[in-house]
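Student: starting from these lines, generate the structure:
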Amino acid sequence: MDAIHINKTRIFPKTKYNIEDFEILTTVLSALKWREHNGKITMFTDSAGYEYYAENNLLSLWDGGVSVSLNAMPDINSDMFWAGGKIFALGQCSAPVAMIDTDFIVWAPLAFDNLPALTVIHSEDIYPDVYPPREHFKMKSGYRFDKDWNWSKRPLNTAFTVIKSEELLQYYTKSAMDFMQNAEDADDNLTYMVFAEQRLLAMCADKMGVEVKELSNLENLFRDGERYFTHIWGMKQQMRDNGRLRYDFCMRCLNRIKRDFPHMIDILKKIDCLKGYF
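Tutor: Predicted coordinates for the structure are as follows:
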């Protein structure tokens with residue numbers, strides 16, 4: 001099955017775009033392991049992302065190519081909707097498609113024929129500080145939440161998502177983009193984004209009567225015994241705070257790359273933030 005990676009960059013004044021060492025290494029493993037076991041993969045990014053991958057000889061990671069279509073994203077609040085690029089990129093695709101975060105690795109083949117119209121890595125509890133009620137959201141005049149959306153449905157984590165229904169793909173991405181473009185600016189970089197990305201997906205699937213499958217759960221993903229998937233989202237800040245943890249993780253990734261994709265080593269040696277590992 002075709003898959004997509006997404007990287008919408010955020011460039012701050014007088015800074016050059018860079019990617020952290022552990023993020024580069026998981027991106028390499030995520031792309032190449034998908035190609036090894038499951039199909040073609042394309043990167044959706046913008047000009048800054050493309051230039052970074054080109055300068056570091058990483059464009060070949062994606063056998064489906066590297067698109068700069070995120071340059072055409074509508075104007076939305078990038079502080080509130082820092083993952084909005086995922087939704088915009090998904091809307092440029094056709095079902096069936098797999099969406100994979102660059103910090104998520106699928107280690108084995110998946111039986112796609114056995115998957116329903118929507119598959120996610122796991123669902124999430126409705127904690128009110130993360131997933132507040134409808135009244136929390138301040139929207140522009142004229143916007144209306146769909147009366148058929150069920151706010152009791154568990155949100156769906158989209159770190160790894162397979163959508164086989166074209167109707168769901170288009171309805172979800174249109175609904176999410178509409179929400180992001182109609183939200184009033186707020187000092188909130190969590191609840192608005194996870195509503196658009198994760199809670200709204202569950203609501204759209206429920207309204208359409210789409211079956212949802214969960215491949216794992218949070219407990220398994222945080223255990224070392226999970227052999228099919230790796231997601232480092234919850235570990236990133238720990239690695240930033242703990243140099244030993246960061247070094248050990250990056251070395252484990254590099255050793256796996258050396259074993260499975262040795263042609264990448266000469267490329268990685270030349271990337272500035274990775275030179276200390278060789």
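Student: drop to CA atoms for contacts and neighbour counts, all remaining ones
Tutor: Noted.
Student: tell me the contacts of the spatially most central residue of the chain?
Tutor: Nearest to the mean C-alpha position of the chain, counting by C-alpha atoms, centre = their mean, stands D101 at 3.0 Å. Listed by C-alpha atoms under 8 Å, 6 or more residues apart in numbering, the contact partners of D101 are 5-6, 159-160.
Student: show me which pair in those is furthest apart.
Tutor: I6 and F160 (11.8 Å; C-alpha to C-alpha).
Student: regarding the residue nearest to P133 when sequence neighbours are not counted, what is its secondary structure?
Tutor: In space, and not counting its chain neighbours, P133 is closest to W151: 7.7 Å by C-alpha to C-alpha, 6 or more residues apart in numbering. Secondary structure for W151, judged by DSSP: H, G, I helix; E, B strand; the rest coil, is coil.
Student: distance check, the residue nearest to the centre of the chain against A111.
Tutor: 20 Å (C-alpha to C-alpha, to the nearest Å).
Student: again, but for F278
Tutor: For F278 relative to A111 (C-alpha to C-alpha), the value is 37 Å.
Student: before we move on, the earlier item: now the residue nearest to the centre of the chain. Its backbone dihedrals?
Tutor: Note on D101: its backbone torsions stand at phi -70, psi 150 [degrees, to the nearest 10].
Student: how about A205?
Tutor: phi -60, psi -40.
Student: which residue is the nearest non-sequential neighbour of it?
Tutor: Closest to A205 by C-alpha to C-alpha, 6+ apart is L168, at 6.7 Å.
Student: how about D187?
Tutor: Using C-alpha to C-alpha, 6+ apart, the nearest residue to D187 is M80, at 7.4 Å.
Student: residue contacts, that neighbour?
Tutor: 185-190, 192-193.
Student: kindly recompute the last result at 7 Å.
Tutor: By C-alpha atoms under 7 Å, 6 or more residues apart in numbering, the contact set of M80 is 188-189, 192-193.
Student: secondary structure class of it, three-state.
Tutor: coil.
Student: again, but for I6
Tutor: strand.
Student: and it, how many neighbours?
Tutor: 26 (other C-alpha atoms under 10 Å).
Student: distance of it relative to L115?
Tutor: Taken as C-alpha to C-alpha, the span from I6 to L115 is 23 Å.
Student: equivalent analysis for Y277, please.
Tutor: Taking C-alpha to C-alpha, one finds Y277 at 40 Å from L115.
Student: more neighbours, these two?
Tutor: The neighbour comparison of Y277 against L115 (other C-alpha under 10 Å) goes to L115, with 17 against 13.
Student: can you pull the phi/psi pair for H231?
Tutor: The phi/psi pair for H231 (degrees, to the nearest 10) is phi -130, psi 120.
Student: and what of the one 5 residues further on?
Tutor: Note on K236: backbone dihedrals following degrees, to the nearest 10 are phi -60, psi -50.
Student: now the helix or strand containing I265 - C-alpha only, CSV.
Tutor: Assigned by DSSP states H and E, I265 belongs to helix 265-268. Provided in CSV are the C-alpha atoms of helix 265-268 (Å, rounded to 0.1, in the frame of the first residue of the first chain):
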residue,chain,number,x,y,z
ILE,A,265,25.9,4.9,6.3
ASP,A,266,28.1,7.0,4.1
ILE,A,267,25.2,9.5,3.7
LEU,A,268,24.5,9.7,7.4
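Student: can you report how many residues lie near A176?
Tutor: For A176, using other C-alpha under 10 Å, the count is 25.
Student: my read is that it contacts V194, right?
Tutor: No - checked against C-alpha atoms under 7 Å, the pair A176 and V194 is beyond contact range at 10.4 Å.
Student: residues contacting the closest residue to H231 other than its chain neighbours?
Tutor: Excluding the flanking residues, the one nearest H231 by C-alpha to C-alpha, 6+ apart is F104, at 4.5 Å. F104 is in contact with 30, 159, 230-232, counting by C-alpha under 7 Å, 6+ apart.
Student: how far away is F104 from L29?
Tutor: Counting by C-alpha to C-alpha, the gap from F104 to L29 is 9 Å.
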